[in-house]
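J.: Fold the stuff below for me.
(chains A and B)
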Amino acid sequence: MDLEQSLLLAGTRRHLFAQAGFGIGALALQQLLSEQSQGALESSSPHAASRSEDASNPMALKPPHFNPRAKRVIYLFMAGGPSQFELFSDKPKLREFDGQAPPPSLMEGKRFAFLKGTEKLLGSRRKFQKHGEVGMEFSELLPNMAKIADEACWVRSMATDVFNHGPAKLFMNTGFQAPGRPSFGSWATYGLGSAAKNLPGFVVLQSGPRGPRSGAALWSNGFLPSSFQGVPFRSQGDPILDLNNPQGISKSDQRSMFDFVRALNEERLGATGDPEIQTRINAYEMAYQMQSSSPELMDLSQESQETLDLYGAKIGKASFANNCLLARRLVERGVRFVQLYHTNWDHHGGGENLEGALEQVAAEVDRSTAALLTDLKRRGLLEDTLVIWSGEFGRTPMGEVRGSIGRDHHVDGFTTMLAGGGVKAGYIHGETDELGFGSIRDKVHVHDLNATMLHLLGFDHERLTYRFQGRDFRLTDVHGGVVKALLS
Amino acid sequence: MLKRLFRRRFLIGTFATLASVALISLHHAAAAETGKLRFNESIRPILSNNCFQCHGPDEKKREAELRLDTFNGATRDLGGYSAIKPGAPEKSALLERILSHDRDEIMPPPKSKKPPITPNEVALLRQWITEGAQYEGHWAFQPLSQDPPPVVAKSTWVRNPIDQFILSELEKRTLLPSPEAPKPVLLRRVALDLTGLPPTPEEALAFENDTRPDAYERAVERLLASPHYGERWGRHWLDQARYADSDGYSIDAARDMWPFRDWVTRALNEDMPFDQFTIEQIAGDLLPGANKLQLVASAFHRNTMINQEGGSNPEQFRDETVVDRTNTTGAVWLGLTVGCAQCHSHKYDPISHQEYYKLFAFFNSATDINSKGQTLEILPGEVLKTANAKVTPIQLEDMKVRVARVQSEAPKRQSAWLEKLKANGNAGTPWQNVRLENLATESGRDHVFQPEGVIQLSNGGKPKDVFTISFGTNLEQVEAVRLRVIPAMTKGKIAPFTLGEFELLLDGVPQTLVLAQSASESAKNPPKAAIDGNATTTWIAEASSAKDGAYEIWFAPEAAIQPNGRALSVRIRQEGSVVFDGAFQVSASPTIPLLPADPKLAAAALQAVATGKPSQSAEQSALRNAFALIDLAQTSAENALERLRKTAKPATLMVMKELPEPRPTFLHMRGDFLSPDKELGALQPDTPEVLPPLQKGTGKVSRLELARWLVRADNPLPSRVTVNRIWMRYFGLGLVETENDFGTQGTSPTHPALLDWLSSEFIRKKWSMKELHKLIVTSATYRQSSDARSDLAERDPRNLLLARQNRVRLDAEIVRDAALVSCGLLDRTLGGAPVFPPQPNGVYAFTQNSKPWVTSKGAERYRRALYTQFYRSAQHPLTSTFDAPNFSTSCTRRLRSNTPLQALMLANDEAFYEMAQGAALALWKDESQLGDQADVTRVRNAFQRFYSRNATQTELEKCLRFLDACRHQAKSDPAQEVAPDPVFAIPNQSPIETAAWTALARGLMNTDEFITRE
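T.: Below is the predicted model of the structure:
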C-alpha cells in the first residue's frame, strides 16, 4: 500500500473511531494509530520524501532507514570554542616558534574574527601526556577525560565554515549559518519520534555564566512542525515554564479542572466530529503527566552518593555536572535527544584567558564528562547511546594580543569526541600540521560529522528530508559524507 | 450519464494511489470532460519530480544536453531518435528508458535515489505522447484566465460567484455542500477572522436578535469598519514583513520599528489599494516628493536583522540583508522560492543564478550597512492616533522652529553682548553674598553661620547628603546664583567635591535652571550634569580647578527672579563616597556673568575685545565660543526642545535610502559574497524572464520600477499569490496549498478557475482588500458549517473540495486576545510603542543577554498581543508555544501544532489565571439579582462570553456539577494551600465563590473550542 494512502486511511479510521464514541480509551487509540502508521511506513517505499506526520501523535515511534547503532543522543556542546592546543593537541613546534610570525604560506587566504595579522605564534604552556592504549594526548587540564581515552573516538581534524560564534553554532547544529533551519535534535525526533511517555523528545540543558550565542535558534524546529523543537529545561526548580499549578490550586483542584475540560472537549468532539479535539484531549493528559513526572525527574536525591560524587553533582545546584546526571536520567526515561550547552570557552585573552579562566571551565567539564561515559557504560546504556563532545570551532595557533594570553577563533583542525553506540572506541582520527593550522589527513567537515551521526541513528542523511519552500531540505544541506572510519 | 459517471469512477479508482486522492481525482474528472490530458495537470508533476533535476532549466547540472522542460528540448533529434516523439510513444526514448530493467539504462537512475516511476504515471505519459505531447507553460506564469463562473444545478445555494466555482466541482462528484453554520458560530467565526476578536456578549445578542435578511452582511460591514480589522490583518502582513521589535542574532537589542507596524494597521483600515500598499513599502522612499508616511512604509525592508556581535564583518551582514530582501520580495509577492537560485540555477523553476542576482541588484544599492543606516524620527500618534501620544508632531515641529529662530538671532544678541563686554568686561560679575536664614540637611548635621554668607559645617553627617540653604537678598532681581564650595584643607590639599544636583527654589518651587558654569569642565562630569534632573550624573570639581581654596559654580535660571521678599533657597545634593568637610558660600547677581567660567575662554574673549580687531577670524571665533556658553536664550530654547522630546518619546525608525550611485552587483559564486564573479561583470537590475518584462524607460532602474512592475495588471503572480494567502486565512488551506511555492515544485490549484477569477476580481475592484474580504466571507462556501461529515471522510478527507468549512486553531496572539475579550479586560487602544504583559520567569535563562522586561501595569497589561514587545531571540512564551515563528525571515504561513506545552500555558500561566479571575468577576457583575437560578444564569452567560453560544443541557449540567464540586472541595478541605490574594475578587462574597467561578472560567478557557475558530 502506498504510504500517503495508508495515512489517509489511518486518518479516516481515526475519525471513525472518534465518531463511534469513546469505547476505546484515548491512549489505547493513540497506540493503535501509531502502530498503524508505523506499519505503513515500514511497508512503504524507502524513498518517501517526508516522514509520516501524525498530527495527533507527532512523537509516535518511527523506524529509521536501516538498523540503527545508536538509539538516543547526548550532545555536550562546549560553547565558545575550546582550545585544542591547551587540551588535546601537543605541538612542540609551536612552542619552538613561540613569539615568531606565522609562515605567510599558512596564513594566506585565511580570515579571522579579531586577529589583525600581526599576531605571533603561541606555544602552549600546558603539559601533555599520552593516555590509554590509543595514546591520545591530553593536557593536565583533563585528567578524568584522559582516563576514558579508550572509550571514545577522538577526531582531531574537524573543520567548519564559519568563525563567528552565533553563525558557527547554528552551522554545527542545523547545517546552515542563518537561523530558521531545524536543529539536529529536531531532525532526530522528526525522524524517530520519542519513547518518552511524559517528557518531550528533545530536551536542552544549559550551564555556565550565560546562554550560548544564537539562543533558541540552536534548538529550533525551523520549518519542521513545532512539536519537534527542543524544549529547554532549566536545571533547577521547574524545568519547564508553567509547570506548576497556579498558586493556591491544589493537586486535586487541578485534576478536577482537567477532568472538567476533558468532559467539555468530549462533548464538542461528539458535536463536531473533529479529530483534532481528540489530539487536544491527549495533549492535556500529557501536560498533566508532565506536571507530576518532571519533579521526579529533577529529584537528584534519588541518586546514590557514589553517583553524585562520580559526576561531582550537588543537589540543588545548577551546574554542568548536574546536567550530565540529568541527561542520563532523561535518556533513561526515553528522551531521544538531550543537548547540553556549557559556556564559556571563548578564551581570547583578557578576562577570558587560557590561564585561570580555562582552568576553571575545564575543571567544570572534565570530571562529569568522564563520569557520564562511565555511568552510561555500567548501566548498559552506552552501547546504544551516542555521546558527542564538541565546540563550534577551535582556536588559532597564534596568540591574541589582549590583557593576558588567549587565542582567536579558528575553523580548522579542532577536536571533537564521539563515544557510544556504533562509534569506534579507542581510535584517533585525523591529524593536523606541525603548527596546528589545519588538517593534513582525514579532514572531517561539520556536514560529514552530521552525516555520520545520522548514519549511526539509522538514517541516510540524503534521504532524511523535508519539503520546504519548494526544496527538499536536509541537515547536511547538499554536502557531507559518512566517515566510515569512525564506525565500529 | 451513467456511462460518464462510471468512467469517472474508473479514473478515480485507477489513480487513487497517487499522492492526493482528491486533488488527482479533481484533475482527472476535468480531463474526462475534454477527453485529453493536460500537461500542467497530469504530466508536469511527473517530469518535474523525476526528470528536471538533470534534464531541466539548470544548464550546469544538465545531463546529456537533454532538457525535458520544453517541447523543443524534449523532441530534439538526439541522432536518429528523440526523447519524445509526439504521437508515437513506442518511438519515444523517454518511455523506453523509464521501462528499462537495465541498471545503466533505467531512468531516473538509481543513484538519484528517486523512486521508480509508477505504472500509472507511465500510462499517463503514454497517453499524453499519443495525444501529441503538447506542452503548456507552467500555470502560475500564464496570464489570468477569464473563465466565467460555471453554471451549477443547485443555484439556490449560490450567494456569489465563488460558490459557483466550488459547487460546480462538488456537483461533478455528486457531493452536497454543508448547511450554513448556526448564527452564533457564524458571528464568532467572522469576527475572529476579520478582527481577531470574538464578539462581546452584547454584539452576539444584537446579532441573534437581528432578523433582517441581511443581518450577516451588516455584521460584516461593521467588522470591516472596525479599527481592529487593521490590527488583525496587519498581523498577517507583519508576519510576511518579518516584523519584530529587536535586531535578531545574538545581541538582539530592542529597536523602534513599531511606527511601521502602525502604518500597516492604518493602511489596511483605510483600505489602501494593494498596488499602492506594495509600491509604498518596497519603494516609498523613492517616490517623487515622498511624504513622511511613505518613508515609514519603506521600513518594510528594514525589518532585516542586524548582527552586533564583536568581530563580525559588516559587509557579510549587509549581504545577508540584501539576500533577505530579495528572497522576501520573491516569497511575499511572487510566491516563488527565488532563494534557491542564490547558489545555483534553480533546478526546477526557470530562474537562473544570474537572474537571481539581477533581482538582488535592486536591493543592493541601499545605504544601510548592518547596524548603520537611514533613520526617521516618528512620534507616538503620528502614524496612528494612540492614547500614549503626549506630544503632537506639530508641537515638536513648532519647538524646532523656535530653536532655529533663536539660533538665527544669535548674531544680534552677540553684538549687544559685545557692547556690554567692551563697556564692563573687566569689571566682573557683581556677586553679592546672600543673607543666610537657615540650613536644613538630610543627615541632620550641625553648622555655624559665618560672615559673608559662609556656612561652616560641623563634624558628622553622611557621605551623600542634601543641604537646603534658605536665604534673603536685597537685590531687586536675580539673574544668576553662585555656589562656592570651600573644602577643609588636609595636609595642604583640598578634597574634590561631587555635586549630584543643584536647585534654586522660589517659594519652595524649583526654578528651571539653564546655565551651569564652572572652571572645572570635564566631558564626563560637566557642570550641566548638576541641573539635568538626574542625581546620578554629577559635576565633579577636581582640586586643580580650585581658586583661592574653593570651587565655584554658577547657575542662571530661565527667567530673572524678582525676590520681592519671597522665600528663596538652594538645594545642594552632594554625592560621592566621602563625608564633605568644609563650608558653602552662596551669592547672587542681578546680571548674568558676561564671561564664561572657563578662564581660558574668558581670557581669549577679553583679549579679542582688547585687540579691537573683531574682524579677524581667530578673534571672531573666540568671541563666538565665549558667547555661546552664556547665551541664555539659545540654551534655554534647546533645553525646552530636549524636554519636549523626552516627553514625546519619539521612535527612531529605520527606513530605506538609496545610494546616489548604485553599487555594482556581481553574481556570487555558490552564493558566497566573497566570491563575486568578476569575469561575468556587473549585473544590471532586472526581473525574471519568465514573467512580463520590466518597463525600463530611460533612466536608472530602481526599487521603484520593481515595485510598479510587481503590481502591473499583466503580472499574473502577485494577485494570485495575495488572493491565495487571503483565502488560506479563511479556510486553513490555500487554493494552492504551497502558498509560498507557485513554481513547478508547488502544488497545483485545487480550483484554478476560481483562483484566476478571484485574482481578476481583485484587480477589477482596484486592488481593494476589503472588497476581497467581503466577497469571501459573504459567500455560501465560507458560511458553511465546519462539522465533520462521514460521507466526506472517505471521499475528500482533506476537505480540498470545501463541501464544509474547516475548524482552525487560533493564532498565538488571538488566543490571548480572545481570552481578554471573554474576561472583559481587553484594552482596545490602537498602536504605539510595545508593551510588556506578564511573562513567566526564566524566559531569559537561555539568551545571551537578559532583556529589560518591566511588566506593564494598568490597562497596558491587557493590550492585544500584537503590541507585546517581540524579541527575536526570546519571544514571549505565548507566541513560541502557539507557533508564532521568531521572524528571522519572512513567514508566509504559520504551522499549527497541538502540544502539551500549550495546555500547560493555558492552564497554569499567571496571565491566563489572572484573566480567569477577571472573568469570574465579570460574571458576577453581569447581573446582581439572579435568585435561585443564579448559577444557571451565570453559566449561560459564561458560555456566551467564551463561546458566543448557548450551553447545551448536558454542558450546563456538567458546569453546575463542577461548580458544586469546587465549592464542596474548598469547604471540606480547610487545610488547603492558601491562595494569594486574587488580582480580581468577587466583592462581598466568600473566597469560595471567587475560587469556584475562577475555576469554571479557567475550565472554559482551556477547551479546544475556546482556542478554535469553528
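J.: Mind giving me the packing neighbours of the longest strand anywhere in chain B?
T.: For chain B, the longest strand by residue count, based on DSSP state E, is strand B:497-506. Where contact means 3 or more C-beta pairs under 8 Å, 6 or more residues apart in numbering or on different chains; DSSP states H and E, strand B:497-506 is packed against strand B:480-487, strand B:513-518, strand B:539-541, strand B:551-557, strand B:568-574. In this view, the C-beta of every residue, glycine as well, is placed from N, C-alpha and C.
J.: so where is the stretch 151-300 of chain A shaky, pLDDT-wise?
T.: Where the stretch 151-300 of chain A drops to pLDDT under 70, the residues are A:226, A:234-238.
J.: in it, which spans are helices?
T.: With helices called from DSSP state H, counting those that start in this stretch, the stretch 151-300 of chain A shows them at A:165-174, A:184-192, A:251-272, A:275-298.
J.: Tell me which of these approaches A:Met158 most closely.
T.: helix A:165-174 (9.7 Å; C-beta to C-beta).
J.: Please pull out the lowest mean pLDDT helix or strand from chain B.
T.: The helix or strand with the lowest mean pLDDT-type score in chain B, counting by mean pLDDT, DSSP states H and E, is helix B:2-15 (a mean of 36).
J.: Up against chain A, what does the stretch 601-750 of chain B have?
T.: For the stretch 601-750 of chain B, the contact set with chain A under C-beta under 8 Å from any C-beta of the partner chain comprises B:738, B:740-741, B:743, B:745-746.
J.: which of these are buried?
T.: Neighbour counting with 16 or more other C-beta atoms under 10 Å in any protein chain shown marks B:738, B:740-741, B:743, B:745-746 as buried within those.
J.: just to revisit the earlier point, for B:Gly500, find the nearest of the helices and strands packed on strand B:497-506.
T.: Nearest to B:Gly500, of the helices and strands packed on strand B:497-506 and by C-beta to C-beta, is strand B:568-574 at 4.2 Å.
J.: Adjacent strands (with direction) for the closest one?
T.: The strands that strand B:568-574 pairs with in its sheet are strand B:465-472 (antiparallel), strand B:497-506 (antiparallel) (by DSSP bridges).
J.: circling back: farthest pair in the residues of the stretch 601-750 of chain B next to chain A?
T.: With distance counted by C-beta to C-beta, no two of those lie farther apart than B:Asn740 and B:Gln745, which are 10.9 Å apart.
J.: Sticking with the residue of the stretch 151-300 of chain B found nearest chain A, tell me its helix or strand.
T.: Ranked by C-beta to the nearest C-beta, the top residue of the stretch 151-300 of chain B for proximity to chain A is B:Ser250, at 3.8 Å. Here B:Ser250 is covered by no helix or strand, with elements defined by DSSP states H and E.
J.: Could you find the closest non-adjacent residue to it?
T.: In space, B:Ser250 comes closest to A:Arg213 once its chain neighbours are excluded; the distance is 3.8 Å by C-beta to C-beta, 6 or more residues apart in numbering or on different chains.
J.: what's near enough to touch that neighbour?
T.: A:Arg213 makes contact with A:79, A:165-166, A:169, B:250, B:309, B:848 under the criterion C-beta atoms under 8 Å, 6 or more residues apart in numbering or on different chains.
J.: Recalculate using a threshold of 7 Å.
T.: By C-beta atoms under 7 Å, 6 or more residues apart in numbering or on different chains, A:Arg213 lies in contact with A:165-166, A:169, B:250, B:309, B:848.
J.: if we can go back for a sec, can you redo the helices of the stretch 151-300 of chain A as TSV with distance to B:Ala833?
T.: TSV is the format used below for those (distance: least, C-beta to C-beta, whole Å):
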stretch	distance to B:Ala833
helix A:165-174	27
helix A:184-192	34
helix A:251-272	37
helix A:275-298	35
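J.: closest to B:Gln969 out of those helices?
T.: helix A:251-272 (6.7 Å).
J.: Against which helices or strands is the closest one packed?
T.: helix A:275-298, helix B:953-972, helix B:991-1005 (3 or more C-beta pairs under 7 Å, 6 or more residues apart in numbering or on different chains; DSSP states H and E).
J.: one more time with 10 Å
T.: For helix A:251-272, the elements it packs on are helix A:3-19, helix A:275-298, helix B:900-908, helix B:953-972, helix B:991-1005, judged by 3 or more C-beta pairs under 10 Å, 6 or more residues apart in numbering or on different chains; DSSP states H and E.
J.: mean pLDDT for these: which is lowest?
T.: Within those, the least confident segment by mean pLDDT turns out to be helix A:3-19, at a mean of 36.
J.: can you pull the contacts of B:Pro527?
T.: Counting by C-beta atoms under 10 Å, 6 or more residues apart in numbering or on different chains, B:Pro527 makes contact with B:499, B:502, B:515-521, B:539-541, B:553-555, B:597-598.
J.: give me that answer again for 7 Å
T.: With the criterion set at C-beta under 7 Å, 6+ apart, B:Pro527 makes contact with B:516-518, B:521, B:539, B:553.
J.: list the contacts for B:Ala516?
T.: Applying C-beta under 7 Å, 6+ apart, the residues contacting B:Ala516 are B:527-528, B:530-531, B:553, B:555.
J.: most neighbours, which of these?
T.: The most crowded member of these is B:Ala530, carrying 28 neighbours; neighbours defined as other C-beta atoms under 10 Å in any protein chain shown.
J.: Assess the claim that it and B:Glu501 are in contact.
T.: Yes: under the criterion of C-beta atoms under 7 Å, B:Ala530 is in contact with B:Glu501, at a separation of 6.0 Å.
J.: circling back: among the strands paired with strand B:568-574, which is the most enclosed?
T.: For the strands paired with strand B:568-574, average neighbour numbers computed from mean count of other C-beta atoms under 10 Å in any protein chain shown are highest in strand B:497-506, which has a mean of 21.
J.: where in chain B is pLDDT low?
T.: Confidence mapping of chain B against pLDDT under 70 gives the ranges B:1-35, B:340, B:343-349, B:387-388, B:613-615, B:842-850, B:927-931, B:973-980.
J.: Domain ranges for the chain, per the record?
T.: Using chain A here. A:1-48, A:72-235+A:318-486 (automatic domain parsing).
J.: was after chain B, sorry
T.: Split by automatic domain parsing, chain B gives B:1-29, B:36-137, B:158-230+B:719-795, B:429-593, B:910-1013.
J.: For the stretch 351-488 of chain A, which segments count as helices?
T.: Using DSSP H, counting those that start in this stretch, the helices found in the stretch 351-488 of chain A span residues A:356-378, A:446-456.
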